[in-house]
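K.L.:
Here is my input; please provide its structure:
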Amino acid sequence: MTAIAAAADSRSEVRTAARGMAFGLALLAGATVFGLLAGVLAADGKAIDVVGLAVVLLPVALWKRPQIGPIVVLCVAVLFEQVVSTATPQAGWVPGIGDVLPPPPLLITSHVHIFEGIGSIHLEGADLLLFLVTVVFLWRTKPAERAWPHSHVSRSMAWLLGAVLLGIFIGVSHHGQMRVALMESRPYVYLAAAYVLTATPIRTRSAMRSVLWAFVIATGLKAAQGVYEFFRVMSWHPRPEAVMGHEDAYTFGVYIFLLVALWLFDAPMGKLRKVATWILPLVMAANLFNNRRAAWLLLGGGMIALLVIGWRCLPDRRPRMKKILIGLLIFSAGYIPAYWNKTGTLAQPARAIHSMISPDVRDAASNLYRTQEDANLKYNIRQGGVLGKGFGVPINYALPIVDISKTDPEIKFIPHNGVLYIPMRMGLLGTIAFWTLLGTGIIAGCRLARSREREMAVLGGVLAASLVAYALEGATDQGFYFYRIAFITGVFLGLAEAARRIQRTNPLAFPAWLRAPSMVPAPTVVGPAPAGVATSSKPPREPALVPLAADVVTPLAPPRRLTLVPLPAERTLDTRLTGLCSGRRDDMAMNGGELDGHPPAHEGERRKPPIRSRRWHRPAGSGPGE
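P.N.:
Below you'll find the predicted structure:
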């Protein structure tokens, strides 16, 4: 029987190797054909068709590896534009500001209209992409393998989708335009779809790292594209105010949050951290060249949130964080006065602060418009009542305001201030659902940041900082409307959901001494040996590990019992895997209940242990000697 089983195993290994070799040869042949076709198209001046060819091959890749669905969704959101300018953008006149030239069409990505409608049907390329990823995942997985999210975040997401459906119904019943209603509601549907399609297929830590790698590489490519466009339009008159969309400021901000978290939590992803650090100058340059005031607001808000989380979760890092903060303050004290009245590229962060305190003519006109817009939004909120006005209904600009609809036609339906836009469209119920989702997401990120696994802690910190930046972008620059921002936010929400599930269902392996306490050697006694006991010439390197609930009896101390107690979910840089539990010292009773016949000192007093010390938990209601 043993020989038969061995032969069956060998045949199975041969078949597995043959299948792997066949797949590798097919992959090599497909890559060769794809490369030849791409070269021919590029030589004929049809480089954009290479993207279309890649889209044709996308179902094959998804069929073979359904878990790459989140990577595809994230890369599409990072690389391709939602609002695409014409081939020859025309400057539009804005009262109080002058001629404003929109961002130029970007190389290759602006020609892929994935966020635009397809013909006369109410569908977009992004809708078909989500449909494809969903169908392939459902077809290639068994029902028992689909770990649908069940958490406070998922319930808040469900309530938000319900409020969106109600908003569409109310808007259409108020004679709203169906196409516009679907356009306005898509960001929230994309947010939920990206969340579910990331949380469900991601089941391993390696899959989580793959998503982070894809985000870093895609953001680096987008930053390189932005730098190239900046130098291409330098000679234009008038020069475009920005070279990329508002959404790219959010993308670059999340990238910086990820890099800072990788260094702050000292995550064991050295290659990813190294590559992301090398790409950082390119990302910072693209963010400066993009010339968006809101970029520095959301970057500052997210960094403050991330540093607060690091300060709370990483006590050992606090001295170093203090030095970094002091250095930033010293740098800011010299940078802000030097660039206070300048308008160049390097002065953009200082200009963002200057515009809030003492705005120039251009910033003052922009601030005045937003003040007038907020007044009209409050008027519309009162008109909509508890249920709101619904999606697809034009905003009633009854109060005085500058008309910029010729430059930006969507301003009739989508204002800059998303904080007031949500109650105007979805009423009180939608407002509660949306901000509950953001609040539960931030809480989930903070809890995950206290994880003992540093990779999970990085995801938690990035999620919390990103949601703060998401709220700030939505409050200032239509951030709640942009599809790309919804995709990126949904993917990181889904990553955090998957991380919590992986920690719960697939924890890291416990040491052998926890799995088999009987195999633990006797504790090592440190100190002078009693008479008659042989001693070793070499002192032990470290004390032996203590088993669960083991009695420790030595000639040098009274009998004691050491019990391992699970610690709450928090971590420091000094925490090891064996630190998942702490020791509780219980001195066994002697002489009528006390060790030496005297009452214990400091009875009932609970002292907070120092940061670097091991925690000794005392049983409730007992003193040190009980």
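
K.L.:
Could you list the low-pLDDT ranges of the stretch 51-200 of the chain?
P.N.:
51-57, 85-102, 119-121 (pLDDT under 70).

K.L.:
mind listing the strands for it?
P.N.:
Assignment of strands within the stretch 51-200 of the chain using DSSP state E, counting those that start in this stretch yields the ranges 92-94, 98-100.

K.L.:
Check the chain too.
P.N.:
Here the chain has its strands, by DSSP state E, at 92-94, 98-100, 550-554, 557-566, 581-587.

K.L.:
Least reliable of the ones you listed by average pLDDT, please.
P.N.:
Mean pLDDT is lowest for strand 550-554 among these, at a mean of 43.

K.L.:
tell me the contacts of the closest residue in space to residue 347 that isn't next to it in sequence?
P.N.:
Leaving aside its sequence neighbours, residue 347 sits nearest to residue 339 (CB to CB, 6 or more residues apart in numbering; 4.0 Å). All C-beta atoms are positioned from the backbone trio N, CA, C, and that covers glycine. Residue 339 makes contact with 346, 347, 349, 350, 351 under the criterion CB atoms under 8 Å, 6 or more residues apart in numbering.

K.L.:
Quick one, which of those residues are buried?
P.N.:
347, 349, 350, 351 (16 or more other CB atoms under 10 Å).

K.L.:
Phi, psi for the spatially closest residue to the third one that is not a sequence neighbour please.
P.N.:
I take that to be residue 350. Leaving aside its chain neighbours, residue 350 sits nearest to residue 339 (3.9 Å; criterion: CB to CB, 6+ apart). Dihedral angles of residue 339 (phi, psi; degrees, to the nearest 10) stand at phi -110, psi 20.

K.L.:
And residue 339, how close does it get to residue 346?
P.N.:
Per CB to CB, to the nearest Å, residue 339 is found 7 Å from residue 346.

K.L.:
what's the answer for residue 294, then?
P.N.:
For residue 294, the distance to residue 346 - CB to CB - is 18 Å.

K.L.:
same check, this time on residue 176
P.N.:
Residue 176 is 46 Å from residue 346, by CB to CB.

K.L.:
Then residue 397?
P.N.:
Applying CB to CB to residue 397 and residue 346 gives a distance of 38 Å.

K.L.:
One more: residue 190?
P.N.:
Counting by CB to CB, the gap from residue 190 to residue 346 is 35 Å.

K.L.:
now residue 109
P.N.:
Taking CB to CB, one finds residue 109 at 27 Å from residue 346.

K.L.:
cool, and residue 364?
P.N.:
For residue 364 relative to residue 346 (CB to CB), the value is 23 Å.

K.L.:
I figured residue 260 hits residue 305, correct?
P.N.:
No: Residue 260 lies out of contact with residue 305 (CB atoms under 8 Å); the separation is 11.1 Å.

K.L.:
which sections of this structure are below the confidence cut-off?
P.N.:
For the chain (pLDDT under 70), the answer is 1-57, 85-102, 119-121, 508-626.

K.L.:
isn't residue 124 right up against residue 82?
P.N.:
No: using CB under 8 Å, residue 124 makes no contact with residue 82, being 9.8 Å away.

K.L.:
Spit out the residues that contact the two alike.
P.N.:
residue 115.

K.L.:
and residue 69, what does it touch?
P.N.:
Listed by CB under 8 Å, 6+ apart, the contact set of residue 69 reads 62, 133, 136, 137, 197, 198, 201.

K.L.:
Sort out for me which of the residues you listed are in helices.
P.N.:
62, 133, 136, 137, 197, 198 (DSSP state H).

K.L.:
Of those - the most surrounded one?
P.N.:
In terms of neighbours by other CB atoms under 10 Å, the ones in helices among the contacts of residue 69 top out with residue 198 at 29 neighbours.

K.L.:
Any chance you could list what contacts stretch 281-299?
P.N.:
219-220, 222-227, 229-230, 241-244, 246, 248-250, 252-253, 255-256, 345-346, 348-349, 351-353, 355, 363, 468-470, 472-473, 476-477, 479.

K.L.:
ChimeraX command for the buried members of the residues you listed?
P.N.:
Per 16+ other CB under 10 Å, the buried members of the contacts of stretch 281-299 correspond to this ChimeraX selection:
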select :219,220,222,223,225,226,227,229,230,242,243,244,246,248,249,250,252,253,255,256,348,349,351,352,353,355,363,468,469,470,472,473,476,477,479
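
K.L.:
Please narrow the contacts of stretch 281-299 to those residing in helices.
P.N.:
219-220, 222-227, 229-230, 246, 248-250, 252-253, 255-256, 348-349, 351-353, 355, 363, 468-470, 472-473, 476.

K.L.:
didn't residue 82 look like it was pressed against residue 481?
P.N.:
No: using CB under 8 Å, residue 82 is not in contact with residue 481; the gap is 9.1 Å.

K.L.:
quick one: which of the two has more around it?
P.N.:
Just comparing residue 82 and residue 481: by other CB under 10 Å the higher neighbour count belongs to residue 481, 24 against 21.

K.L.:
so how far is residue 347 from the more buried one?
P.N.:
29 Å.

K.L.:
likewise residue 126?
P.N.:
In terms of CB to CB, residue 126 sits 36 Å off from residue 347.

K.L.:
Likewise for residue 426?
P.N.:
Shown here: residue 426 relative to residue 347, a distance of 39 Å by CB to CB.
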